[in-house]
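# have a look; sequence and predicted model below, questions after that.
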Amino acid sequence: MKEINDNSVKSPTSRSAEWFGKSDKMGFVHRSWLRNQGYPDDYFQGKPVIGICNTWSELTPCNGHLRDFAEVVKKGVMEAGGFPLEFPVTSLGETIMRPTTMLFRNLAAMDTEETIRANPLDGVVLLTGCDKTTPSTLMGACSVDLPTIVVPGGPMLNGRFKGECLGSGSFNWMVKEKTLVENYTAEDILEAEIGVARSAGHCMTMGTASTMACMVEALGLTLPGAAAIPAVDARKKLMAQLSGRRIVQMVKENMKLSKILNREAFENAIVVNAAIGGSTNFIVHLLAIAGRIGVELKLDDFDAVGSKIPLLVNLKPSGKYLMEDFFYAGGLPVVINELKNHLHNHAITVNGLTLGENNSKPVCYDRKVITTIDEPLQTNAGIAVLKGNLCEQGAVIKPSAATVELMKHGGRAVVFETMEDYHARIDDPDLDIDADCVIVLKNVGPVGYPGMPEVGNVDLPEKLLRKGIKDMIRISDGRMSGTAAGTVVLHVAPESAVGGTLALVKDGDRIELDVEQRRLHLDVSEEELQKRRVSWKAPAPVAKRGYVRIYIEHVQQAHLGADLDLLQGGSGSEVTRDLH
Ligand code: FES
């Protein structure tokens, strides 16, 4: 074993050299302990150090394969002359964590940010998959602003059961309906469990995870075509290896996140999200990412930039097919090429080429899955931002997932004060409700639940499902899973727990929704609302200590992205004080 001496150590030229490049006591300390892994001298002599930020966890099933993927990325990093160091961050398993992963998105972002900044990293690879693992790690990385590339873990293979193609997530929302209307037995449901989760990977519908993968590709943060490749396809590993090679070059080019993530990149992501029928969760995550990197983005931009964009992708929950079909049809490059007249094609991406250059010649192999811009599945498919006295700061609806007849509708409110209240009464045969009513769900916002869970698309009452009713207007301050559909008004801001008008709605009030006019109106006089406001009492805080207390005291409302106010912006990558 050869000791590092003064002559073998380069003077600091990179961020990692601030740790490894010094010939003093601290240089010795930084290198010596790391060398217990057996790294040779030259690893500390100017090689770009690449952090592989891994969201692998056995508690995050969608990311269960990322432990292996990290090794593939490392191979690419080493081939390109870099020094890879893998590190874990808080992982968020959508189907397991209580009360909701969204409560912890900002915690995972803090973890990612501080871990990147505190360590001798020159560049970062984000290994992501399940819904929140993409925005959380990207938010954290933005606040440090090093060269960063994203490797999305990829969707599962198509679900199959009883000869039917099943979409993960989307099937969950049908369990009640399938049991009641199609007489599915308990054994059927048990068998469907594994039929809908056939391989490694995240949900294979155009749910939030697929939406997030497409978002990072549209932002220019992945190699082209990365989003749709199934997790178990060999080309996914190839993509991971090439990303490992590329991040080393990005460090040499000093291609930081802020050089890619400008306003135009964000507008591109909004346009693409509309065309793929992406999740409404995209809104809160993109707003939060923009807030971290310092790009001005407002809720109204989603409507102004995206609402006139046509739907080109025929994927569940808005359509028929699944991510595996999307990949075989050509994936996101086909969509980006179809949208070229709506995009900023000169936006730079991680491989040094522009979005237009990367996606100039894709071939579509199945027009049933990806249509042309001239024959879209639906016009004006982007997210609509609603305004009105029921949502002074806005609310959102996904028209591509809604029932056309309900997009202009007025009805009597049936109010549930909490999720517990909803569960206790929704299937009560005596509940005074019909298909024209509007279901109002309170206290499921960022502060109220806390964490703004995906409950906005609550199941309809059993007695109406039995009559064949498939959709009703539902309004809440919560979110909706990207795998769900329906005429569901979400993200009402201000939320009810902080005294938004939603808190004042009573059973029997008339509510009017007019999506074309972007109007959500509570038909109650201002005088009466004022009376109700005076007698309204805020619910007791849901936590007295710990992270949840920090969260409820600092979380911003949905129209701002639901990040913590004290996490907005970034602190850069500099750390001025050493260990000593
Ligand atoms: Fe992880 Fe759907 S539960 S992506």
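Sure thing, it's come through.

# contacts and neighbour counts: CA atoms only from here.
Fine.

# hey, where'd the strands end up in the stretch 101-250 of the chain?
123-128, 148-152, 159-161, 164-166 (DSSP state E, counting those that start in this stretch).

# hmm, I typed the wrong one, I wanted the chain.
Assigned by DSSP state E, the chain shows strands spanning 49-54, 83-88, 123-128, 148-152, 159-161, 164-166, 384-388, 391-397, 408-416, 438-441, 473-476, 488-493, 510-514, 519-522.

# can you point me to the longest helix in this structure?
If you go by DSSP state H, the chain has its longest helix at helix 234-252.

# what residues does the stretch 101-250 of the chain have near the ligand?
Cys130, Asp131, His202, Cys203, Ala209 (CA under 6 Å from any ligand atom).

# looking at those, which are in helices?
Going by DSSP H, the helices hold Ala209 from these.

# ok, the residue in the stretch 51-200 of the chain that the ligand sits nearest to to Ala240 distance?
Nearest residue of the stretch 51-200 of the chain to the ligand (CA to the nearest ligand atom) works out as Cys130 at 3.8 Å. Separation of Cys130 from Ala240 (CA to CA, to the nearest Å): 17 Å.

# those two: who's more crowded?
A count of neighbours by other CA atoms under 10 Å puts Cys130 above the other of Cys130 and Ala240, at 32 against 29.

# got the contact list for the more buried one?
Residues near Cys130 by CA atoms under 8 Å, 6 or more residues apart in numbering: Thr60, Cys62, Asn63, Leu92, Gly93, Glu94, His202, Cys203, Ala209.

# return the member of the residues you listed nearest to Gly546.
For the contacts of Cys130, the minimum distance to Gly546 (CA to CA) is 18.1 Å, reached by Leu92.

# where does pLDDT dip in this structure?
Regions of the chain meeting the criterion pLDDT under 70 cover residues 1-13, 170-177, 180-181.

# what residues does it put near the ligand?
Selection of the chain residues close to the ligand by CA under 6 Å from any ligand atom yields Cys62, Glu94, Thr95, Cys130, Asp131, His202, Cys203, Ala209.

# thought the second one was touching Leu59?
Meaning Glu94. No. At 9.3 Å, Glu94 does not count as touching Leu59 under the criterion of CA atoms under 8 Å.

# please say which of those two ends up with more neighbours.
Legend: neighbour count by other CA under 10 Å for Glu94 and Leu59, higher for Glu94 (19 against 15).

# report all helices and strands that the longest helix of the chain contacts.
When contacts are defined as 3 or more CA pairs under 8 Å, 6 or more residues apart in numbering; DSSP states H and E, helix 234-252 sits against helix 66-79, strand 123-128, strand 148-152.

# now it: buried residues?
Residues of helix 234-252 classed as buried: 236-251 (neighbour count, 16 or more other CA atoms under 10 Å).

# gap between Tyr39 and the ligand?
Look at Tyr39 and the ligand: by CA to the nearest ligand atom, to the nearest Å, they are 35 Å apart.

# report the separation between that residue and Pro84.
Per CA to CA, Tyr39 is found 11 Å from Pro84.
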